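Novice: No sequence on hand, only this structure:
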């Protein structure tokens with residue numbers, strides 16, 4: 001699209017269009033910067049480094065984390081081949097999808113063992129990366145990370161190819177990795193439960209999932 005603006009429209013129009021693209025890119029960038037700052041401040045800094053951190057210290061950490069993320073983004077733009085931005089987008093989709101069993105499924109069932117979910121997550125990520133690695137990009141002559149669709153004929157499970165060599169149907173790599181994620185999580189859960197490995201204590205109650213904004217119970221949880 002930027003190339004279309006640059007070659008087919010007057011310079012003044014292309015300038016306005018490029019400015020609009022830049023402004024539009026700032027919106028998701030700002031959201032991701034805020035998310036990264038919150039992740040570092042609340043889930044890492046306050047949880048493991050300084051549990052008694054004051055609100056002022058948390059705000060300072062959030063600002064620093066946000067600045068680091070922005071500088072990292074600028075370095076990616078300046079130092080890396082723009083083609084890698086597409087590759088990173090493909091990888092990001094695979095990574096996020098592998099959190100589904102832990103984040104979403106665990107809201108509805110406690111059957112999976114927590115360490116089994118971790119094992120499934122690791123297995124899903126590893127398999128997803130492995131499949132992305134073998135997909136070539138014929139347009140750019142890149143041998144790796146050429147897309148997110150894998151022909152079923154190239155699907156390998158520890159060297160075993162379950163589909164015939166002439167199978168041209170393609171499937172999303174993240175979906176295949178997610179299936180492996182669930183399978184590993186289920187098998188490891190069965191093993192850990194057979195060995196009676198502790199799964200921790202679930203302190204939530206049914207009422208906790210029905211609290212609304214302003215509910216006194218939320219204030220009690222926040223204070224605790």
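Specialist: Cool, got the structure. This is a predicted model, so every value here is computed, not measured.
Novice: For burial, what's the neighbour tally of residue 45?
Specialist: 20 (other CB atoms under 10 Å). Using the backbone N, CA and C atoms, a C-beta is placed for each residue, glycine as well.
Novice: If you drop the residues flanking it in sequence, what lies closest to it?
Specialist: Nearest residue to residue 45, sequence neighbours excluded (CB to CB, 6 or more residues apart in numbering): residue 61, at 5.0 Å.
Novice: Sticking with the one you found, tell me its helix or strand.
Specialist: Of the helices and strands defined by DSSP states H and E, residue 61 is found in helix 55-79.
Novice: just checking, what packs against that helix?
Specialist: Helices and strands touching helix 55-79, by 3 or more CB pairs under 8 Å, 6 or more residues apart in numbering; DSSP states H and E, are helix 11-38.
Novice: what pLDDT does the residue most central in space within the chain get?
Specialist: With distances taken as CA atoms, centre = their mean, the chain has residue 96 as the residue nearest its mean C-alpha position (2.6 Å). Per-residue pLDDT puts residue 96 at 89.
Novice: cool, and residue 224?
Specialist: Here the pLDDT value assigned to residue 224 is 45.
Novice: Residue 144 too?
Specialist: Residue 144 is assigned 71 on the pLDDT scale.
Novice: again with residue 211
Specialist: Per-residue confidence at residue 211 stands at 65 (pLDDT).
Novice: what's the neighbour count on residue 24?
Specialist: Applying other CB under 10 Å, we find 10 other residues in the vicinity of residue 24.
Novice: Identify the residues contacting it.
Specialist: If you count contacts by CB atoms under 8 Å, 6 or more residues apart in numbering, residue 24 has none.
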